[in-house]
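A.B. asks: compute the structure for the input listed below.
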Amino acid sequence: MTSPEGTVVASIRFQPVGKLYHFNATKIDDLKTGDYVIVSTSRGREMGQVAGLLSGKDSPKGSHKPVERRATARELVMGRMWQTRELEAMISCREKAHELGIVGIKIIRAEYCYDGSRITFIFSSEGDENIDLEPLKRAMRRSIRKTHIEFRKVGPRDVAKIMCGMGACGIEERCCSRFLSNFSPISIKMAKAQGVSLNPQEITGMCGRLRCCLIYEYELYAEARKHLPKRKKKVITARGVGKVIDVLPLKNAVIVKLEDDRRVEFHKDEIEPYDELKALQQKTESPCEIHEDGK
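C.D. replies: Purely as a prediction, here's the structure:
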């Protein structure tokens, strides 16, 4: 299903480096990137910031909920006021969890809705077991009245994103906290393709998972490797037959160990597969020997 022609779709985020959600903004005049708007979500009304506007062929497929209206100046002030109370609420929730003897969870953050009608406590837990949070919810309802209370569990990558701090590589702020709005699946295969050390200390981030940056250059390496022989393959070079002992994808080259044990770097255009050359030689040979007597 494609979006009707003339439809304007707004990409909206609810956190500074949060995931983008799409809403139909066709009926909102002169909407600009950076504007704050009120939208209806599965969790209720939210105030979000427009991160981009898409129209025509660039607009995402499918139907989208409409942007209700621009946020008023009063709502913007209210939103900031409730944000100042989030730290206090998070500390209070941590204290209640400790008093109730609830172990195995960590309260990471508290997020108020822009009008204070709802507060969400974001937490992480060790393992996959379900922890009964009903006693904690009841305690927080007595502490924070006239506010709907929710708890939302997040994974290790989201925890690292929220906590921020220095990256494992030494940058002052982690990629996930600076610009990554979505987490892509990362596999050990990506590290192998790029020749990265498989030492866990070198390929894991502060979240304890494989570093997000392993995907940045993976496609470039994968495409380059398609046109290069694999390690241990025999190849023909201008200096004789040799075996590939290392692959240099970014240089489109390989390191070949020749029969005299020399190690020489060759560009992909300077080598030929050993098997193909052997087959070519067999084709050029006569299929049978012709004797002098013609027999």
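A.B. asks: ok, C207 - how many residues close by?
C.D. replies: A count of nearby residues for C207, using other C-beta atoms under 10 Å, gives 20. The C-beta positions use only the backbone N, C-alpha and C, and glycine is treated the same way.
A.B. asks: any idea of the pLDDT on it?
C.D. replies: Turning to C207, the model gives it a pLDDT of 89.
A.B. asks: on the three-state scheme, it is what?
C.D. replies: coil (DSSP: H, G, I helix; E, B strand; the rest coil).
A.B. asks: just list the residues touching it, thanks.
C.D. replies: Counting by C-beta atoms under 8 Å, 6 or more residues apart in numbering, C207 touches P156, R157, V159, A160, C176.
A.B. asks: got a winner among these for most neighbours?
C.D. replies: Result: C176 is most packed of the contacts of C207 (other C-beta under 10 Å), 24 neighbours.
A.B. asks: can you list contacts of the helix or strand that residue falls within?
C.D. replies: Per DSSP states H and E, C176 falls inside helix 175-178. Here helix 175-178 makes contact (C-beta under 8 Å, 6+ apart) with V17, R157, A160, K161, C164, G165, G167, F183, C207, C212, C213.
A.B. asks: try it again at 6 Å.
C.D. replies: With contact meaning C-beta atoms under 6 Å, 6 or more residues apart in numbering, helix 175-178 is reached by A160, K161, C164, C212.
A.B. asks: save those as a markdown table, and put in distance to I203 and secondary structure too.
C.D. replies: Output for those, formatted as a markdown table (distance: C-beta to C-beta, whole Å; DSSP: H, G, I helix; E, B strand; the rest coil):
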| residue | distance to I203 | secondary structure |
| --- | --- | --- |
| A160 | 15 | helix |
| K161 | 19 | helix |
| C164 | 21 | coil |
| C212 | 11 | helix |
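A.B. asks: which residue in these has the weakest pLDDT?
C.D. replies: Within those, lowest confidence goes to C164 (87).
A.B. asks: what's the local residue count around the nearest residue in space to it that is not next to it in sequence?
C.D. replies: Counting by C-beta to C-beta, 6 or more residues apart in numbering, the nearest residue to C164 once its immediate chain neighbours are dropped is S177, at 4.3 Å. Using other C-beta under 10 Å, S177 has 16 other residues around it.
A.B. asks: measure S177 to R157 for me?
C.D. replies: 11 Å (C-beta to C-beta, to the nearest Å).
A.B. asks: cool, and K27?
C.D. replies: Applying C-beta to C-beta to K27 and R157 gives a distance of 36 Å.
A.B. asks: where do the helices sit along the stretch 51-200 of the chain?
C.D. replies: 73-83, 86-99, 134-143, 156-163, 175-178, 188-193, 200-203 (DSSP state H, counting those that start in this stretch).
A.B. asks: what's in contact with the first one?
C.D. replies: With contact meaning C-beta under 6 Å, 6+ apart, helix 73-83 is reached by M47, Y112, Y114, D115, G116.
A.B. asks: and which of these is nearest E68?
C.D. replies: M47 (10.3 Å; C-beta to C-beta).
A.B. asks: contacting residues for that closest one?
C.D. replies: Y36, I38, A71, G79, Y114.
A.B. asks: ok, the nearest residue to it once chain neighbours are set aside to G52 distance?
C.D. replies: Nearest non-adjacent residue to M47, counting by C-beta to C-beta, 6+ apart: Y114, 3.8 Å away. Distance of Y114 to G52, computed by C-beta to C-beta: 21 Å.
A.B. asks: again, but for K232
C.D. replies: 48 Å.
A.B. asks: L20 too?
C.D. replies: 8 Å.
A.B. asks: shared neighbours of those two, which are they?
C.D. replies: Joint contacts of L20 and G52 (C-beta under 6 Å, 6+ apart) are S11.
A.B. asks: low-confidence stretches in the chain?
C.D. replies: Filtered on pLDDT under 70, the chain yields the residue ranges 1-5, 128, 276-295.
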